[in-house]
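**Student:** What follows is a predicted structure for the sequence shown.
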Amino acid sequence: MYQILKQIIRTGIRTEAAPQVDEAMRVEPQRLQQQILDVFGGALAIRFVDAGSCNGCELEIHAINNAYYNLEGLGIRFVASPRHADLLLVTGPVSRHMIIALKRTYDAMPDPKLVVAIGECACDGGMFGESYASCGKVSNVIPVDVAVQGCPPSPTAIMQGILTAINAKK
């Protein structure tokens, strides 16, 4: 314990520098909240479905809910039921076992419904492609509005995909 304290005293506590806040970015959340209100009449509700992924994309999706990205602060939240969802996030190549569940989830969503495919596997089948166990990309099963490339895509890219889908419906 003494060695650790000695090391801390010698090197100091190292943290990342605070991000520089651009004044234009302070106006962006208000504009975004107004767009969501105009299109959906309230908060944007997202239903997330893992159609057979390796969980790399899920980690990045969970990251957009943390305090740094603060998706909830923008009026965007995750819901448990597709009947309450406006947008469907899908990751992974669609396995044969998930075809019916994905179609039922999509059909249960009220109109207007948006679908965003997250990651290489969801966009084009990735390294799994189409096989006896996989249907490949999500658009082979349900219509996709926006595809976010990357393996896994960054939280910023995921948020940009969500915003692109919102702007496309406006």
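**Tutor:** Good, I have the coordinates.
**Student:** and residue 116, that one's in a helix?
**Tutor:** No - Residue 116 is assigned strand when assessed by DSSP: H, G, I helix; E, B strand; the rest coil, not a helix.
**Student:** Dig out what it forms beta bridges with.
**Tutor:** residue 89, residue 146 (DSSP bridges).
**Student:** Next up, the contacts around it.
**Tutor:** Residues counted as contacts of residue 116 (C-beta atoms under 8 Å, 6 or more residues apart in numbering) are 87-90, 144-148, 161-162, 165. Heads up, the C-betas are built off the backbone N, CA and C, glycines and all.
**Student:** As TSV, the residues you listed with neighbour count, pLDDT and distance to residue 105 would be great.
**Tutor:** What follows is these, written out as TSV (neighbours: other C-beta atoms under 10 Å; pLDDT from 0 to 100; distance: C-beta to C-beta, whole Å):
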residue	neighbour count	pLDDT	distance to residue 105
87	26	90	12
88	25	91	7
89	26	92	11
90	31	91	9
144	19	91	14
145	19	90	15
146	20	92	17
147	20	91	18
148	26	91	19
161	22	87	18
162	24	85	17
165	22	85	16
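**Student:** Neighbours of residue 45, how many?
**Tutor:** 21 (other C-beta atoms under 10 Å).
**Student:** What is the nearest of the contacts of residue 116 to residue 102?
**Tutor:** Closest approach between the contacts of residue 116 and residue 102, by C-beta to C-beta: residue 90, at 7.0 Å.
**Student:** In this structure the closest one contacts residue 117, no?
**Tutor:** Yes - in this structure, residue 90 is within contact of residue 117 by C-beta atoms under 8 Å, at 5.5 Å.
**Student:** okay, and the common contacts of those two?
**Tutor:** 138, 144.
**Student:** for this structure, what are the low-confidence residue spans?
**Tutor:** 13-42, 169-170 (pLDDT under 70).
**Student:** hey, which strand is longest across the chain?
**Tutor:** For the chain, the strand with the greatest residue count under DSSP state E is strand 44-50.
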